[in-house]
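[1] Here is the input, now give the coordinates:
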Amino acid sequence: MRLSSHRLSLFTAACAALLSAGVWACSDDNSASNPGGGTGPGTTPPPGMNPGSNGDDDPSVPPLYAVVSLPAATGGTEQTSYIIVSETLTGDLKPESAQIEVPGGAVAGGPARGRTLFVGNSTSSAVTRYTLDANSKLQANGTVDFAVQGLTGLAGYSSAFEFIDANKAYWFSREGKVVVWNPTELTVTGAIDLSGVIRPDPANPGTNYTTSFSATPAHRQGSKLYSFVAWDSRMAGTIKVPSAYAVVIIDSATDTAQIVVDEAGCGYGRDAVLVGDWLYIATEAVGTSVHHLNAANGPEPCLRRFNVTTNQFDASYTVKLNALANGAPVGSLAASPGGTPLLHVLDTTAPQVASFTNPRQLSSAAVWKTARLTVGDTPSLEILDAPLKSASVLPALLDTGFTVTPTFDTTDTVNPRIYEVTDDGIVATERASATITGTTWGIVRLR
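    Prediction:
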């Protein structure tokens, strides 16, 4: 079954005027498509907020990508993020060629082909705007500070940036709110209350679960944005996942929110594809790994579905993902531009699997097969003939028919870390096969 034209996975469908600017990160210890860049009546967008201008519709002008990388710290030094600007997603992207350096873990987002990049980090409430100059260099062009909404840093995924139009953008904050701000005027205009996503951890009285929004961007349907919230606890170095997660629905026309919790869900449900009126939501590989390493710490991964017309879960629909793969652990849903849903299946025969005791490390290791998923009332999986990969992948549509994903296996020093997502799996191609030092936190198409 093919996906709805409204959405492929959790990124906006291919549309020449509203192409994605994918921004990701794949670890809750730091932080794809944004159909932004439109202009409202009577507004004048800042440089780079008008996709298709500045020659971007000229096929002779090459694309330009900003890649956010975080190499591991060495010798007791503090970590630094590097923003590398490149016309291709092949070759070796080196930190020494970075145009911008950011202390700690950077988060960066921008409107589609907007020639604009907004950059923040986990230790500051300020966001700096950068715009491309005539020489394709990013130049600082003002700041906006979220401190007025009580934030002291931008912790979370870079996909927490959502660009609605030239005068409105969102930041999904783990503090239980969506900051509403103006990317043209660089002002904070309000906030949407999401305090309902902050949940106490019943096993640890007096503490709350760690809250994390989906690492992929919100699914959009009209003025509605659909995102996901997952919870876990991290006491004494042990990660546990409850059997609940939530769908968060933001109406950008009214700046209001609805939170729908699936209390009997599968835990860590944060990846989805839209087919008809149904969002099919799968457990992310972290939750899958928690259950695999110790079933007492988290529920078995499963596939659920949520109706975007009624905003309700299908109470009768729970598909055990592992059963689709003859008992092998399954998680982390993705989709190709052609509309093929993909899942990741742990290769339990890989010799290094037994060495992992941390679920985050297991989910990020290159020990996962790729499988093609057929959704519907009776889903099925087909294992594909593709090399083993990390299951920590966050695909985003960067151009018509061109979806890429970084992977997050920091032990992988040979294979490419930016791949193309195709109907036949996640593979290195002539368009996406870049190696990069450290972890890739985001990729944004600037033009």
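[2] next helix or strand past the longest helix anywhere in the chain?
    Counting by DSSP state H, the longest helix found in the chain is helix 285-293. Counting by DSSP states H and E, the next helix or strand C-terminal to helix 285-293 is strand 302-307.
[3] What's the first helix or strand after that following strand?
    Taking DSSP H and E as the definition, the helix or strand that follows strand 302-307 towards the C-terminus is strand 312-313.
[4] Give me the contacts around that following strand.
    Residues outside strand 312-313 that contact it (Cβ atoms under 8 Å, 6 or more residues apart in numbering) are Val260, Asp262, Gly265, Arg304, Arg305, Phe306, Asn307. Just so you know, the C-beta spots here come from the backbone N, C-alpha and C atoms, and that holds for glycine as well.
[5] if we can go back for a sec, give me the angle between the longest helix of the chain and strand 302-307.
    140 degrees (axes from the mean of the first three to the mean of the last three Cα atoms, to 10 degrees).
[6] Return the closest of the contacts of strand 312-313 with respect to Gln99.
    Of all those, Phe306 has the smallest distance to Gln99: 40.2 Å, by Cβ to Cβ.
[7] residue contacts, the nearest residue to that closest one once chain neighbours are set aside?
    For Phe306, ignoring the flanking residues on the chain, the nearest one in space by Cβ to Cβ, 6 or more residues apart in numbering is Leu279 at 4.5 Å. Shown in contact with Leu279 (Cβ under 8 Å, 6+ apart): His219, Tyr226, Val247, Ala272, Val273, Arg305, Phe306, Asn307, Val308.
[8] Would you mind naming the residues that bridge with Leu279?
    Beta-bridge pairing for Leu279 (DSSP bridges): Leu274, Phe306.
[9] oh, and call the first residue 229 from now on, that's how I've got it
    All right, first residue 229 from here; so that's Leu507.
[10] Tell me the spacing between it and Phe400.
    17 Å (Cβ to Cβ, to the nearest Å).
[11] what does Leu571 give?
    Leu571 is 25 Å from Phe400, by Cβ to Cβ.
[12] ok, now Trp506?
    Applying Cβ to Cβ to Trp506 and Phe400 gives a distance of 23 Å.
[13] So for the two, which residue has more residues nearby?
    The residue with more neighbours, out of Trp506 and Phe400, is Phe400; 27 against 20, by other Cβ atoms under 10 Å.
[14] quick one, phi/psi of the nearest residue to that one once chain neighbours are set aside?
    Spatially, and ignoring its direct neighbours in sequence, Phe400 is nearest to Ala388 (4.0 Å; Cβ to Cβ, 6+ apart). Here is the backbone geometry of Ala388 (degrees, to the nearest 10): phi -70, psi -10.
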